[in-house]
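Asker: based on what follows, work out the 3D shape:
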Amino acid sequence: MKQRKVPLRKCVACQEMMPKKALIRIVRSPEGEVSIDLTGKKSGRGAYLCGKTACFKLAHKSRALDRALKAPVGAEVYEQLARDFLAVEDEFLAAQARAEEEDEDE
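Answerer: Purely as a prediction, here's the structure:
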């Protein structure tokens, strides 16, 4: 059976190419709202970050999300994203573990 091509995306902080499912998507909706998109299906402009807290801090320091989303991301948005990032980190890691198990089964 032919292997499917795995879509790759680049982390805006560390610039490392990784499979799309291994990254967390930050999306700016058409209304201008910035949020975390775990499904990867919300409409809007997206940017990807590793699941590492260090990468999130680097993106904040270097304003990488501002450039990737082509809109200024305010300090209050970064604070909200930091809270959301910590809240979804466990869920993201669990989903990543399930995906790895499925890959091993195939």
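Asker: give me the nearest residue to Cys50, chain neighbours excluded.
Answerer: Cys11 (4.7 Å; CB to CB, 6 or more residues apart in numbering). Any C-beta I mention is one placed from the backbone N, CA and C, and that applies to glycine too.
Asker: so what's the residue count around Ala68?
Answerer: 20 (other CB atoms under 10 Å).
Asker: is it in a helix, a strand, or coil?
Answerer: Look at Ala68: counting by DSSP: H, G, I helix; E, B strand; the rest coil, its state is helix.
Asker: surely Pro30 touches Lys42?
Answerer: No. Using CB atoms under 8 Å, Pro30 is not in contact with Lys42, being 10.3 Å away.
Asker: give me the more crowded residue out of the two.
Answerer: For Pro30 and Lys42, the more surrounded residue by other CB under 10 Å is Lys42, and the numbers stand at 15 against 8.
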